[in-house]
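1. Fold the following, please.
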Amino acid sequence: MTSLVVVPWSTSFETLWPELAAASGVVLDVLHAPSPELLDALALRRDVIVVHAIGGVESTAIEALARHAMPANAVLVGAAGDHRVAVRALRRGAEDYFAMPGDVEALRSWIVDAVRRIEDTRAGSVFAAREGTKYTYDGILGSSAALRQALALAGRVIPHPNVTVLLTGETGTGKELFARAIHYNGPRKSQPFVEVNCTAIPDTLLESELFGHEAGAFTDARTAKPGLFELADGGTLFLDEIGHLPLALQGKLLRVLEERTSRRVGGTRSVAFDVRIIAATHVDLQRAVEQGAFREDLWYRLNVMTIELPPLRERLDDVVELAEAFVRRFAREYGIDPAPTLSPDALRVLTARPWPGNVREVRNVIERALLVSDGHRVEIADLSRPGAAPTATRGTCELDWPSPLGALVRSACADMVQRCAGNKSEAARRLGISRQRLQRLLEAGSDDETPNETPEEF
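-> Next up, the predicted model:
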C-alpha cells in the first residue's frame, strides 16, 4: 500500500484526502504529520507521497520539502492561488503546486500518476530480485566438460562490469540465458537488463530503437523517445543476433561503444551512458568479416571476451538431465501429478539423437511428449514426430526418428560436415573424433545400420 502524508494538518482538508484517494481508484494509507519536522521519520519510507497542505505556514512547509529532497513525489497544496508561494515551492524542489479547491481534479490526477510511478519502481525491484534468483548458474543445466568450460569463462567476467562479452553458438544453445546469468550474478544486477534482437526490428527503425529520437526527427515522431542505450544506463544492454546488424548501423554502433555516448536521431546533444555490452550471434563473425558483411573494427571491439556455447551434440551427457528437468517443469504447468517418468528406451533414443535444434528442440519434444503420453510414463512412441520425415536442409538431420543407431550417427556426421561447408577436418574437430573415423562413419553402407563406432566412442 502506498502512503499519503499530509503535513501540516488543516481542518479544511480533513475529509479531502480519503475522498481523493477513493475517487482516484488507488489505495492509500493517509498519515497525519502535525508539523513539518515529523517528516524526518516519515522520509525514511521510500513509498511515501508527500503532500503539503498549507494552513498559514507556507514557508515552513517549503523549507521542509527542500530539506528532505523528495521532488519526484512531492507537491505543495495551498488554500489559495498565491503565485509567489507556488514559485517559491517549485524553486525549492516541489513537482507542482495546487490551489484548493479549484485544483482538486488536477491533484487527483497527480496522485494517480505518482502512485503508478511508485508501483512501477516497486515492480521493477521485485522483477530484478526474481530474475536474479531465476538466472543463476544453478539454473543452467548440465555437467559436461564443454558446458563447464563456458561457465568458467563467464565466471571470470562477471565481477568486471565493464568487460564486453561476445556469446557465440548455434541457435537454441542458451545464449540469452548466459547473458542474463552474467548480468544477474554481477555488480549491475540491481540495474536494468535491456535486450534487443537485431533481426526482430526493421532496419529503418533499429537506429531509433538503439539511440532514441527527438520529436519531429521523422514522420510520426511526435514526441521524443530515449534509446535503449539510455534505458540500460547503469545496467546491461544485450544485443542479440549482432551478426545481422546492418552495415550502415555497424559504424554508428562502433562509435557509440568507443565514446560511451549516443546521440538521438534528429538530436544535437550527446547523452553519456554506463552499460555493460553483451552481444550474441550464431553467425561466424570472422567469416562475415572476410566476406565484407561485418566490420572488422567492430568485431575487434566486441571480441574482448568470447564465450562459445557448445551445441547439444557435443554434450549429449547433459540430455537426460535436461529432459528430466523439462518433464518436471511441464508437469507442473499442465497439472500432471506426479510427474511422468522417462522409460529406458526413451532415454536411449534421447541420448542418441544429434539434436540440431539444441536445448530448444529438447524442450519442444518433451513438452509434446507429455501432452500425448498416458501421464505416467513417456515412451519412444511419445517422442516421435508426426507426419513424414522432413526434407534435408542445412543444419537439420535428414532422418525421422526413432531410427537405428548407426543411421543416426551417420546422419549426425553428415550434418556436421554440411554445417562446416564441406570441411571434414573441421567437422571431425567439432565432433571430437579423427578425420579418418569421420570418413569411415560417412562411408558406412546403407545396409549396415550398426557401424563399429558408437556415440560412446566419440
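2. Which residue ranges of the stretch 151-300 of the chain form helices?
-> Counting by DSSP state H, counting those that start in this stretch, the stretch 151-300 of the chain has helices at residues 175-184, 203-211, 228-231, 247-259, 285-290, 296-302.
3. looking at those helices, which one has the lowest mean pLDDT?
-> Across the helices of the stretch 151-300 of the chain, helix 203-211 has the smallest mean pLDDT, namely a mean of 83.
4. So which bits of it are buried?
-> Buried residues in helix 203-211, counting neighbours by 16 or more other CB atoms under 10 Å, are found at 206, 207, 208, 209, 210, 211. To be clear about C-beta, it is placed using only N, CA and C from the backbone, and glycine gets the same treatment.
5. just stretch 167-187 next, same as before
-> Per 16+ other CB under 10 Å, stretch 167-187 contains these buried residues: 167-170, 172-186.
6. Next, residue 163: phi, psi?
-> Per-residue torsions, residue 163: phi -80, psi 130 (degrees, to the nearest 10).
7. and it, what does it touch?
-> 157, 276, 304, 305 (CB atoms under 8 Å, 6 or more residues apart in numbering).
8. Which entries within those residues meet the buried criterion?
-> Neighbour counting with 16+ other CB under 10 Å marks 157, 276, 305 as buried within the contacts of residue 163.
9. out of these, who's nearest residue 190?
-> Nearest to residue 190 among those, counting by CB to CB, is residue 276 at 13.2 Å.
10. what is the closest one paired to in the beta sheet?
-> Beta bridges link residue 276 to residue 236, judged by DSSP bridges.
11. Do me a favour and get the end-to-end distance for stretch 249-267?
-> This stretch, stretch 249-267, spans 17 Å end to end (CA to CA, to the nearest Å).
12. Kindly report the same for stretch 178-192.
-> Using CA to CA, one end of stretch 178-192 lies 16 Å from the other.
13. Looking at the buried ones among the contacts of residue 163, spot the one nearest residue 233.
-> residue 276 (11.1 Å).
14. Identify the residues contacting that closest one.
-> Contacts of residue 276 by CB under 8 Å, 6+ apart are 161, 162, 163, 164, 165, 183, 186, 188, 235, 236, 237.
15. Report the separation between it and residue 201.
-> 21 Å (CB to CB, to the nearest Å).
16. same thing with residue 358?
-> From residue 358 to residue 201 the distance is 24 Å (CB to CB).
17. So for those two, which sits in the more crowded spot?
-> residue 358 (21 against 14; other CB atoms under 10 Å).
18. What backbone torsions are found at the more buried one?
-> Phi and psi for residue 358, reported as degrees, to the nearest 10, are phi 60, psi -150.
19. ok, now residue 321?
-> According to degrees, to the nearest 10, residue 321 has phi -60, psi -40.
20. Contacts only, for it.
-> Residue 321 neighbours (CB under 8 Å, 6+ apart): 141, 142, 143.
21. mind running it again at 6 Å?
-> residue 141 (CB atoms under 6 Å, 6 or more residues apart in numbering).
22. And it, how close does it get to residue 178?
-> According to CB to CB, residue 321 and residue 178 sit 17 Å apart.
23. Take stretch 275-288, keep the C-alpha atoms, and write them as PDB.
-> Output in PDB follows, covering the C-alpha atoms of stretch 275-288 (Å, rounded to 0.1, in the frame of the first residue of the first chain):
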ATOM      1  CA  VAL A 275      26.400   0.000 -19.600                       C
ATOM      2  CA  ARG A 276      27.900  -3.500 -20.000                       C
ATOM      3  CA  ILE A 277      27.600  -4.700 -23.500                       C
ATOM      4  CA  ILE A 278      26.800  -8.400 -24.100                       C
ATOM      5  CA  ALA A 279      26.400  -9.400 -27.800                       C
ATOM      6  CA  ALA A 280      25.300 -12.700 -29.100                       C
ATOM      7  CA  THR A 281      25.300 -14.400 -32.600                       C
ATOM      8  CA  HIS A 282      25.100 -17.700 -34.300                       C
ATOM      9  CA  VAL A 283      27.000 -16.200 -37.300                       C
ATOM     10  CA  ASP A 284      30.700 -16.900 -37.700                       C
ATOM     11  CA  LEU A 285      31.800 -13.200 -37.400                       C
ATOM     12  CA  GLN A 286      35.300 -13.900 -38.600                       C
ATOM     13  CA  ARG A 287      34.000 -15.400 -41.800                       C
ATOM     14  CA  ALA A 288      31.500 -12.500 -42.100                       C
END
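24. low-confidence ranges in the protein?
-> 1-74, 79-82, 89, 91-94, 117-139, 216-222, 384-405, 421, 444-458 (pLDDT under 70).
25. now the strands for the stretch 351-458 of the chain?
-> With DSSP state E, counting those that start in this stretch as the criterion, the stretch 351-458 of the chain has strands at 377-378.
26. Tell me the one among the buried ones among the contacts of residue 163 nearest to residue 102.
-> Looking across these and measuring by CB to CB, the closest to residue 102 is residue 276, at 49.9 Å.
27. quick one: the closest one and residue 108, what's the gap?
-> Counting by CB to CB - residue 276 and residue 108 are separated by 42 Å.
28. now do residue 193
-> Counting by CB to CB, the gap from residue 193 to residue 108 is 35 Å.
29. neighbour-wise, which of those two wins?
-> Between residue 193 and residue 108, counting by other CB under 10 Å, residue 193 is the more crowded of the two (23 against 17).
30. List phi and psi for residue 245.
-> phi -70, psi 130.
31. contacting residues for it?
-> Residue 245 neighbours (CB under 6 Å, 6+ apart): residue 198.
32. can you offset everything so residue one is 662?
-> Sure, I'll start numbering at 662, so the last one becomes residue 906.
33. Which residue ranges of the stretch 762-911 of the chain form strands?
-> 826-829, 854-858, 873-874, 886-887, 897-901.
34. Turn those into CSV, columns for distance to residue 775.
-> Formatted as CSV, these follow (distance: least, CB to CB, whole Å):
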stretch, distance to residue 775
strand 826-829, 38
strand 854-858, 25
strand 873-874, 25
strand 886-887, 21
strand 897-901, 29
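35. Among those strands, which comes closest to residue 1003?
-> strand 826-829 (30.1 Å).
36. Now do residue 1038 against residue 1025, distance only.
-> In this view, residue 1038 and residue 1025 are 20 Å apart by CB to CB.
37. actually residue 932, sorry about that
-> Distance of residue 932 to residue 1025, computed by CB to CB: 41 Å.
38. Please identify which of the two sits among more neighbours.
-> residue 932 (16 against 13).
39. Give me the distance between the more buried one and residue 913.
-> 14 Å.
40. cool, residue 837 as well?
-> Between residue 837 and residue 913 the distance is 24 Å, computed by CB to CB.
41. cool, and residue 769?
-> Distance of residue 769 to residue 913, computed by CB to CB: 45 Å.
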